[in-house]
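S.K.: Need coordinates for the following:
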Amino acid sequence: MSKWNYPLPSKLLHRTVCLSLGAVLLAMPVTVAAAESKSIAASDQKASISVDIPPIERSYEGSTLVVGENRYLTLKEIESEWDSIDPDYEPDQAVDAVKALLPQKEYEDLFPNRLGSPEWHKVAKGKEYFKEDQLDYFSYDNLIDAVTEVSNIKLKISTRKGTTSVQEIHRFDKDARIETLISRSSDFNSVENRKKEIETVIIDFGTFLKEGFKKDRKSELAAFLANLAHETGGGWATAPGGELKWGLFWNENIAGRTGVNMDPFVDPASSDLYPGVKDKRYYGRGPIMLSWNFNYGLFSSIIYGDKNVLLSKPEIVAADGKVGFMTAILFWMTPQAPKPSAHDVIINKWKPSKLDFAKGLGQPGFGITIMVLNGLEANMGETEGSPVKRRAGHYRDITSRMGVDITSEKIDTLGMKPF
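M.R.: Model (predicted):
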């Protein structure tokens, strides 16, 4: 998984919050009478002098909460500040959508060698990575439990206009009606930044597999699983049953797990906000191979309301399949400036800009989701040795099983440049 271009997005705006001190005062010209003329001219002369009144500097205040603090919201506040709670995106509805699109048996047929399954135990036994007590990490139940949990959460990302690195982020628990401020840049309320308007984007994680036509929803599920299958794939060209039967085999980056790569994956630019813990490493873990301290810190804040849970214990992502699937869905659903979310791309909700078109990113589809997840795979076709070949192979396989026609869709990344 590519490095998330911290911080979070400000580009796809859901709405703009303008918190002004009051109405703009109108600058009216001041007229001053001149002395009476002594000439034989006709009437008195008056001179008009316009005095420019400097514009008033507005202040745009952010949240009154401190990081980690929460508050209960009334229904009126939820409607005005969080666009209400849509019953179509409640957890039960989200779970029903997944089960309708992908019944358990079809899921298990797609991934027979998934980590912890009976087939995985047969293959892994005697290998250095084998664990006798390994549970079915990628179980269908863990996927459903993850969908249930994330569907109860909304996220609000507020950014100072024109300054993508200056943000504060709120989490909203639908069932409890509790809003929590989970992150704020240290300079969000500086004297200079308070003069800048606040732009917000609101993400309802209950919209996973719930937006667009039925075909769009099937395509989204296929794209989501195809990318996950590639990230965690353990197959090879001549693997038993074919390479595509080996998706979801791993849940940790091999070099990170074995110690071949001892990099802690702590980004200095975000270490003040999401400090790495001594002796902890934030290498790829989980279905999406979550990497870097800022991703662990942010998703810990979204899942638990506390950034320190996964920063202190990043191994939870690889130990708990439900948490692992949650990080994958959250990553899939959340835009990353200047990138849109993979969710918005695959259901045609995203509108590419002129710059996107110039970079070859104007045609929504599976190829763009690859660019969202990993810009290092730009300008690649389905050729031998290309990672795009396996991603695309999984996508073709899953959409074929679902009866989705993708003949007109751009599947590879040829001609594309990173966002």
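
S.K.: Going by C-alpha atoms from here, please, whenever you check contacts or count neighbours.
M.R.: Will do.

S.K.: Which residues are in contact with residue 128?
M.R.: Listed by Cα atoms under 8 Å, 6 or more residues apart in numbering, residue 128 has no contact partners.

S.K.: typo on my end, residue 114
M.R.: By Cα under 8 Å, 6+ apart, the neighbours of residue 114 are 120, 136-138, 246-250.

S.K.: Show the pLDDT at it.
M.R.: pLDDT for residue 114: 98.

S.K.: For the nearest residue to residue 70 once chain neighbours are set aside, give me its contacts.
M.R.: With sequence-adjacent residues excluded and distances taken as Cα to Cα, 6 or more residues apart in numbering, residue 70 is closest to residue 180, at 4.1 Å. The contact partners of residue 180, by Cα under 8 Å, 6+ apart, come to 67-71, 170-172, 305.

S.K.: Pull the most distant pair out of these.
M.R.: Distance extremes for the contacts of residue 180: the farthest pair is 67 and 172 at 13.7 Å, using Cα to Cα.

S.K.: In this protein, where's the longest helix?
M.R.: helix 214-231 (DSSP state H).

S.K.: now that one: how far from the chain's centre is it?
M.R.: For helix 214-231, the separation from the chain centroid amounts to 16 Å (computed by Cα atoms, centre = their mean, to the nearest Å).

S.K.: And for stretch 340-359?
M.R.: Remark: stretch 340-359 is offset 14 Å from the chain centroid, using Cα atoms, centre = their mean.

S.K.: do stretch 74-92 as well
M.R.: Centroid separation between stretch 74-92 and its chain, computed with Cα atoms, centre = their mean, is 20 Å.

S.K.: What of stretch 339-346?
M.R.: Its chain's C-alpha centre and that of stretch 339-346 lie 9 Å apart, by Cα atoms, centre = their mean.

S.K.: Tell me which residues are up against it.
M.R.: Applying Cα under 8 Å, 6+ apart, the contact partners of stretch 339-346 are 9, 12, 208, 216, 219-220, 223, 332-335, 350, 364-366, 368-369, 372-373, 419.

S.K.: could the contacts of residue 114 be laid out in JSON lines, adding distance to residue 294, pLDDT and secondary structure?
M.R.: Converted to JSON lines, the contacts of residue 114 look like this (distance: Cα to Cα, whole Å; pLDDT from 0 to 100; DSSP: H, G, I helix; E, B strand; the rest coil):
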{"residue": "120", "distance to residue 294": "32", "pLDDT": "98", "secondary structure": "helix"}
{"residue": "136", "distance to residue 294": "28", "pLDDT": "98", "secondary structure": "coil"}
{"residue": "137", "distance to residue 294": "24", "pLDDT": "98", "secondary structure": "coil"}
{"residue": "138", "distance to residue 294": "24", "pLDDT": "98", "secondary structure": "coil"}
{"residue": "246", "distance to residue 294": "30", "pLDDT": "97", "secondary structure": "helix"}
{"residue": "247", "distance to residue 294": "27", "pLDDT": "97", "secondary structure": "coil"}
{"residue": "248", "distance to residue 294": "24", "pLDDT": "98", "secondary structure": "coil"}
{"residue": "249", "distance to residue 294": "26", "pLDDT": "98", "secondary structure": "coil"}
{"residue": "250", "distance to residue 294": "23", "pLDDT": "98", "secondary structure": "coil"}
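
S.K.: Mind putting these into a markdown table with distance to residue 390 and neighbour count?
M.R.: Conversion of the contacts of residue 114 to a markdown table gives the following (distance: Cα to Cα, whole Å; neighbours: other Cα atoms under 10 Å):
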| residue | distance to residue 390 | neighbour count |
| --- | --- | --- |
| 120 | 20 | 18 |
| 136 | 24 | 18 |
| 137 | 22 | 26 |
| 138 | 19 | 26 |
| 246 | 11 | 25 |
| 247 | 10 | 27 |
| 248 | 13 | 28 |
| 249 | 14 | 26 |
| 250 | 15 | 25 |
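
S.K.: Setting the sequence-adjacent residues aside, check what's closest to residue 153.
M.R.: Once flanking residues are discounted, residue 153 sits nearest to residue 173: 5.1 Å by Cα to Cα, 6+ apart.

S.K.: Quick check: the one you found vs residue 320, distance?
M.R.: Distance of residue 173 to residue 320, computed by Cα to Cα, to the nearest Å: 21 Å.

S.K.: How about residue 340?
M.R.: Counting by Cα to Cα, the gap from residue 340 to residue 320 is 28 Å.

S.K.: again, but for residue 305
M.R.: Here residue 305 is placed at a distance of 18 Å from residue 320 (Cα to Cα).

S.K.: neighbour count winner among these two?
M.R.: residue 305 (24 against 17; other Cα atoms under 10 Å).

S.K.: Quick check: that one touching residue 182?
M.R.: Yes: with contact defined as Cα atoms under 8 Å, residue 305 and residue 182 form a contacting pair (6.3 Å).

S.K.: okay, and the common contacts of the two?
M.R.: 68, 171.

S.K.: now the contacts of residue 114 in a markdown table, with distance to residue 190?
M.R.: Formatted as a markdown table, the contacts of residue 114 follow (distance: Cα to Cα, whole Å):
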| residue | distance to residue 190 |
| --- | --- |
| 120 | 54 |
| 136 | 49 |
| 137 | 45 |
| 138 | 45 |
| 246 | 51 |
| 247 | 48 |
| 248 | 45 |
| 249 | 47 |
| 250 | 45 |
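
S.K.: Tell me which of the contacts of stretch 339-346 fall in helices.
M.R.: 216, 219-220, 223, 332-333, 366, 368-369, 372-373.

S.K.: Dump these into CSV; add neighbour count and distance to residue 286 as well.
M.R.: Below are the ones in helices among the contacts of stretch 339-346 laid out as CSV (neighbours: other Cα atoms under 10 Å; distance: Cα to Cα, whole Å):
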residue, neighbour count, distance to residue 286
216, 18, 25
219, 24, 22
220, 27, 19
223, 27, 17
332, 22, 13
333, 20, 16
366, 28, 21
368, 28, 22
369, 27, 18
372, 24, 18
373, 21, 14
